[in-house]
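Trainee: Sequence unavailable; structure follows:
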């Protein structure tokens, strides 16, 4: 199915015309900032951090949490690799080549899990040592 350039251009123009009111309505409900009425003392007190939902965590613990979340995602990927390797092995139907591929995937997933668990342990130790040393 081939579309001519004029049909594509017409469809794009109609789509833009239909979306214009949607984007135009976003400017109708604009609120003023009233920045001149704010005092600088009100910016960073306890009420400000509580009302905005900002946490009180320092940078070191935030970075540690980000590393832990990243390693958690890697752990999920490794577990999926192990499950996929097991599924491939079960559905290999006696084919030696498929069984070998499944074994390789299982070994890679298990080695990945071991590396991720050791990285998690090392990261937890290092982050807690840094936090304890700087406290």
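Mentor: That came in fine, so what should we check first? It should be emphasised that the depicted structure is a prediction, and the values quoted were computed from it without experimental measurement.
Trainee: so who does the nearest residue to residue 88 once chain neighbours are set aside touch?
Mentor: Distance criterion C-beta to C-beta, 6 or more residues apart in numbering; nearest residue to residue 88, sequence neighbours excluded, is residue 102 at 3.9 Å. Using the backbone N, CA and C atoms, a C-beta is placed for each residue, glycine as well. Each residue near residue 102 by C-beta atoms under 8 Å, 6 or more residues apart in numbering is listed here: 85, 86, 88, 89, 92.
Trainee: how close does the first one sit to residue 129?
Mentor: Which is residue 85. 36 Å (C-beta to C-beta, to the nearest Å).
Trainee: Settle it for me: which of those two has more neighbours?
Mentor: residue 85 (20 against 10; other C-beta atoms under 10 Å).
Trainee: how close does residue 90 get to residue 114?
Mentor: Residue 90 is 23 Å from residue 114, by C-beta to C-beta.
Trainee: residue contacts, residue 86?
Mentor: So residue 86 contacts 102, 106 (C-beta under 8 Å, 6+ apart).
Trainee: And it, what's its pLDDT?
Mentor: Note for residue 86: predicted pLDDT of 91.
Trainee: so how far is the strand or helix carrying it from its chain's centroid?
Mentor: In the assignment (DSSP states H and E), residue 86 maps to helix 59-90. Centroid displacement of helix 59-90 relative to its chain, using C-alpha atoms, centre = their mean, to the nearest Å, is 12 Å.
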